[in-house]
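**Q** the sequence and its predicted three-dimensional model are supplied below.
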Amino acid sequence: MTTASHTALALDFPILEQEGLVYLDSAATSQKPRVVLDALEDFLAHHNANVHRGVYPLAIDADTRFSAARAQIAAFVGAEPAETIITKNATEAINLVRYSWGPQNVGAGDAIVLTEAEHHSNIVPWQQLCEEVGAELRWLEVDDEGMISLGQLDEFLADGRVKMVAVTHCSNVLGTINPVEEVVARARAAGAASLIDGSQAVPHMAVNVDAIGADFYVWTGHKAYGPTGIGLLHGRRELLEAMPPFLTGGDMIKTVSFEATTFNELPFKFEAGTPPIAETVALGAAVDFISGLGIDRVRAHEEAITAYALSQLQAIPGLTVQGPPLAQQRGGLVSFTLDCAHPHDVAEILGRDQVCVRAGHHCTQPLMKKLGLGATTRASFAVHNSTDDVDALVGSLGNVIEIFGES
Amino acid sequence: MDDALYREEILEHYKRPHNFGPMENPDRESFDTNPLCGDELRVMLKVDDNDVVEEVRFEGHGCAISQASASMISDEINGMKLDDLARLDRSAILDLLGIDISATRMKCALLSLKVLKSAAIGTLADWEPDTADAARPAGGAQL
C-alpha cells in the first residue's frame, strides 16, 4: 500500500541537526551528507595541490585523487572517464555543447527539438543558437498528465531537418520521467544528435549513460549530494573529438607557441583552467554515498515517499497536483497549486514551520504558460526524507488554508 | 488565525480587489512582471486634460502581497496628478500595507508602484530599492 509510513534511508546530514527543519527542496539543491563534507575538508586539509604537471608528492597525491574521483563519478553513471568532462554546472555543460558542437552542426533551415517542460537552461542556449544560424525550434508537447508523445517526435523527425533533440530525463516541475532511451534511438535513426538533461535524475534513479546512448548527457553535482561548482558532461568520443574547444587557456592545451596552439586530449581539451578539484573529490564521495545506499533502494524509497505525498496532497480540497498521476512515472517531486492561495504565500507560511519548499516558475516559464499557471509550489524528496516530512507539509498546508481558505 | 503578514485588510484586498478588471480605451497603460516569481500586473488610467487621474483599473495575477498592494494603492490615486504619481516612492506602498516586508517579498510589494509609475511617465520605471538603506540618497545623513 502506498500510504504506509517510511522512515529516512539516511540521516547523517549535519544540516538536519537544526531542530524542526523539514527540507523538501532537494530538486533545487541537495543537502550534503557528512561523508561529503568530510571528503571536502580532508582533501583541502591534507591533500591539496593543483592538478596536472605537479612533480612533488603532494601534487601527485592531489592528481591521483582527482583522477580517481573522475573515474568514480563516470563509473557511477556508466560513462568513460575520457568522455566525462567536468564543468561548472549543468548549464555550462549544455552551453559547451551549444557553442562547440552547435555552429558546426546546425545551420539555416535546420531544426532542434525540445520538450515544453525543459528548464530554461535547456531552452535558452538552443534558442540563441537557432537565432544565430537561422534554425527553428520544434516543441514536443506535454499532455495533461505531463507526458510527451513519441509519435509527435517521429513527426518532427520525418523531414530530416532535425539536428538535435534535447530532452530532460526528469522534469523539475511535473516530475515526469521521460522515455529517454526511445527518444535517443529515434533521434539517432533520423540522423539527429541527442542531449539528455539528467539534473533531476542522477541521484534519484539508476542512470546508465552508455545504455541510454545519448550523444550528450549532462547533470550537476550540487543536486546529487555534492558541492556546488561542479557539473558533468558525458559525450560520445567521436563527437567530442570533432568539436572545437569551448573555453581556452591553461590545461586544455598540448602545446602553445607564439604562433599557434594544439589542444589536449579528452577530457582535458574541454577543461580550461584549474578545475574544481576539491569539488570533484567531494562529488566522488557523494556518488560513493549513493552507491553505498544502493541506487535501487534510493529510487524505491523516494517513489514510496512520492506515492504517499500524492495520496495525502490529493485529499486536500482545492489542491491540484501537476504531472503524472502515478509515483512510478515520476521522480521524487510533486508540484501543486492551491485554489485559495498563491504559491509564494503558500511557501511563506510553510517556511514559518521550517517546511522548506520552492515556489515560483521553477525556471520553466514556457511550461507555466502552457499549464495556464504563473507559479506552483514544489516539494521534492531525497534519501533523508520520511513520510513524517510529508505529514509536516500537509499539516502546514492546513495553516495556509486557515488563513486564506474562507472567502 | 491572526497573522502579522496576512492581516485581515490585506486578505480582504487580495480576495476582493478594488478597481480590478479591464478598462476600455485607457489614456495611459503599463504592464510589467516580477521576474522572481512571475507575478503580472497591468495598470490602466484615464486622465483629464490637466493630467489628473480620473479612473484607475488593474489586472493581473500574483501573490497576496502583490495583488493587495495594487488594490490598496489604486484607492489612493484618483485625483492625483501624473507628475505626483511619478514621484511616489516605496513608502507609499509600505505605509498602506502596514506590515514588515522581507527582502525576498519586497518586489511583490513594489510591483504595483513600478507599474503605476511606468504608466504615469510613459516608459518603464526603475524598481524602487529593496531596502530603506539602499533608498537613502547618496551623501545623505548617515547614522
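**A** Thanks, I have it. Since we're looking at a predicted model, the values are computed, not measured.
**Q** backbone phi and psi for the closest residue to residue A:373 other than its chain neighbours, please?
**A** Closest residue to residue A:373 apart from its sequence neighbours, by CB to CB, 6 or more residues apart in numbering or on different chains: residue A:337 at 6.3 Å. Any C-beta I mention is one placed from the backbone N, CA and C, and that applies to glycine too. Note on residue A:337: backbone dihedrals following degrees, to the nearest 10 are phi -130, psi 150.
**Q** what are the bridge partners for residue A:337, then?
**A** residue A:320 (DSSP bridges).
**Q** now it: how far from residue B:38?
**A** Using CB to CB, to the nearest Å, one obtains 13 Å as the distance from residue A:337 to residue B:38.
**Q** before we move on, what about residue A:317?
**A** Between residue A:317 and residue B:38 the distance, using CB to CB, works out to 25 Å.
**Q** who has more neighbours, the two?
**A** Using other CB atoms under 10 Å in any protein chain shown as the criterion, residue A:317 and residue B:38 rank with residue B:38 on top: 22 against 9.
**Q** report how many residues lie close to residue B:85.
**A** Applying other CB under 10 Å, we find 25 other residues in the vicinity of residue B:85.
**Q** wait, it sits on residue B:117?
**A** Yes. Using CB atoms under 8 Å as the test, residue B:85 is close enough to residue B:117 to be in contact (6.7 Å).
**Q** check contacts around the closest residue to chain A within chain B.
**A** The nearest approach of chain B to chain A comes at residue B:63, 3.9 Å away (CB to the nearest CB). If a contact means CB atoms under 8 Å, 6 or more residues apart in numbering or on different chains, then residue B:63 has A:342, A:343, A:344, A:345, B:37, B:39, B:105, B:108 as its contacts.
**Q** need the residues of chain B near chain A, please.
**A** B:1, B:3, B:5-6, B:11, B:15, B:36-40, B:61-65, B:67, B:105, B:108 (CB under 8 Å from any CB of the partner chain).
**Q** may I see the PyMOL selection of the buried members of those residues?
**A** The following PyMOL command selects only the buried members of these, with burial defined by 16 or more other CB atoms under 10 Å in any protein chain shown:
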select buried, chain B and resi 3+5+6+11+37+38+39+40+62+63+64+65+67+105+108
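**Q** counting only strands, which of the residues of chain B next to chain A make the cut?
**A** Secondary structure assignment by DSSP state E places B:40, B:61 of these in strands.
**Q** what helix or strand is the closest residue to residue A:40 other than its chain neighbours on?
**A** With CB to CB, 6+ apart as the criterion, residue A:40 has its nearest non-adjacent residue at 4.2 Å, and that residue is residue A:282. Here residue A:282 sits within helix A:277-293, counting by DSSP states H and E.
**Q** what residue ranges in the chain score low on pLDDT?
**A** Since no chain was named, I'll use chain A. Low-confidence regions of chain A, defined here as pLDDT under 70, cover residues A:1-3, A:406-407.
**Q** my question was about chain B, not that one.
**A** B:1-2, B:132-143.
**Q** show me the strands in it, by range?
**A** Counting by DSSP E, the strands of chain B are B:28-33, B:40-47, B:53-61.
**Q** pick the most deeply packed of those.
**A** Comparing those by mean neighbour count (mean count of other CB atoms under 10 Å in any protein chain shown), strand B:40-47 comes out on top with a mean of 22.
**Q** could you check the angle that one makes with strand B:53-61?
**A** On the basis of axes from the mean of the first three to the mean of the last three CA atoms, to 10 degrees, strand B:40-47 is oriented at 170 degrees to strand B:53-61.
**Q** so who does residue B:74 touch?
**A** With contacts taken as CB under 8 Å, 6+ apart, residue B:74 has the following neighbours: B:17, B:18, B:19, B:56, B:57, B:58, B:112.
**Q** just confirm the third one contacts residue B:46, I think it does.
**A** It stands for residue B:19. No. With contact defined as CB under 8 Å, residue B:19 does not count as touching residue B:46 (11.5 Å).
**Q** anything in contact with each of the two?
**A** Both residue B:19 and residue B:46 are in contact with residue B:56, where contact means CB under 8 Å, 6+ apart.
**Q** number of nearby residues for the residue nearest to residue B:124 when sequence neighbours are not counted?
**A** The shortest distance from residue B:124 to any residue other than its chain neighbours is 5.1 Å, reached at residue B:118 (CB to CB, 6+ apart). By the criterion of other CB under 10 Å, residue B:118 has 20 neighbours.
**Q** so how far is residue A:337 from residue B:118?
**A** Relative to residue A:337, and taking CB to CB, residue B:118 is found at 29 Å.
**Q** list phi and psi for residue A:381.
**A** According to degrees, to the nearest 10, the main-chain angles of residue A:381 amount to phi -120, psi 160.
**Q** and the nearest residue to it once chain neighbours are set aside, how far is that from chain B?
**A** Nearest non-adjacent residue to residue A:381, counting by CB to CB, 6+ apart: residue A:332, 3.9 Å away. Residue A:332 sits 24 Å away from chain B when distances are taken as CB to the nearest CB, to the nearest Å.
**Q** how about the helices in the chain?
**A** Let's take chain A. If you assign secondary structure with DSSP state H, the helices in chain A sit at A:34-42, A:57-76, A:90-96, A:102-105, A:124-133, A:150-157, A:180-189, A:209-212, A:237-242, A:277-293, A:295-314, A:343-352, A:365-371, A:387-404.
**Q** wait, chain B
**A** With DSSP H, the ranges of helices along chain B come out as B:8-15, B:64-74, B:82-86, B:90-97, B:106-121, B:132-135.
**Q** can I get the ones you listed in a markdown table with distance to residue A:379?
**A** Below are the helices of chain B laid out as a markdown table (distance: least, CB to CB, whole Å):
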| stretch | distance to residue A:379 |
| --- | --- |
| helix B:8-15 | 24 |
| helix B:64-74 | 21 |
| helix B:82-86 | 42 |
| helix B:90-97 | 29 |
| helix B:106-121 | 21 |
| helix B:132-135 | 33 |
